[in-house]
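**Student:** Could you look at this predicted model? Sequence included:
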Amino acid sequence: MLAWIAQNTWVVWLALVLVLALIEMITLDLFFIMLAGGALVAMGVSLVTDNLVVQILTFCIAALLLIVVVRPVALSHLRQSSIGQRTNVDSLIGEPAVVIEPVGEHTGLVKIGGDTWTARSSDGTAIPVGSPVRVHRISGATAIVAHPENRSSSR
């Protein structure tokens, strides 16, 4: 068994890549995936040479370079992409909608995307069926809407 492993070290490196990738999926830290990248490079080197010392040195250097160079850049991109990104009902603000029941100061229905929402007019004026509107804000389960040319959102 040990003789087979010594002749096929790429299998050991591949197993290490898979284990490190699995740990990364659990931790989501972008650290173990960098180690997995180093193990992947070492696996490639193991296909070229049987020298275990060269393979281990390659793993250490590649993993260190990935951790020092790639990880900070990847982390900054992850943090930057989530800043200012609206989610849930906040993502509906500014979206176009169509009135499906007359919208007034207290009642109405609009279709936003494929969903039907209760709605109120942002300035209290009546908006007829079929009118295009924009969502100004969400209050509970009610969309506060106005005509796109009407910039008022006083309520």
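**Tutor:** Cool, got the structure. Computed from a prediction, not measured in an experiment: that's the story for all the values here.
**Student:** Need phi/psi at His77.
**Tutor:** The phi and psi values for His77, taken as degrees, to the nearest 10, are phi -70, psi -40.
**Student:** ok, now how distant is it from Val53?
**Tutor:** 35 Å (C-beta to C-beta, to the nearest Å). Placement of C-beta: from N, CA and C, glycine included.
**Student:** Check Leu40 too.
**Tutor:** Taken as C-beta to C-beta, the span from Leu40 to Val53 is 19 Å.
**Student:** For this protein, give me the ranges with low pLDDT.
**Tutor:** 81-87, 150-155 (pLDDT under 70).
**Student:** which stretches of it form strands?
**Tutor:** Under the criterion DSSP state E, strands of the chain are mapped to 96-101, 109-112, 115-121, 132-139, 142-146.
**Student:** and those, which is most packed in?
**Tutor:** strand 142-146 (a mean of 23; mean count of other C-beta atoms under 10 Å).
**Student:** on that earlier part again, comparing Leu40 and Val53, which shows the higher neighbour count?
**Tutor:** Shown here are Leu40 and Val53; by other C-beta atoms under 10 Å, Leu40 has more neighbours (19 against 8).
**Student:** okay but the more buried one is in contact with Leu16, surely?
**Tutor:** No. Leu40 sits out of contact with Leu16 when judged by C-beta atoms under 8 Å, with a separation of 9.1 Å.
**Student:** returning to what we had before: looking at the strands of the chain, which is nearest to Arg71?
**Tutor:** Ranking the strands of the chain by proximity to Arg71 (C-beta to C-beta) places strand 132-139 first, at 37.7 Å.
**Student:** What strands line up against that closest one, and which way round?
**Tutor:** Each strand paired with strand 132-139, and its direction, by DSSP bridges: strand 96-101 (antiparallel), strand 142-146 (antiparallel).
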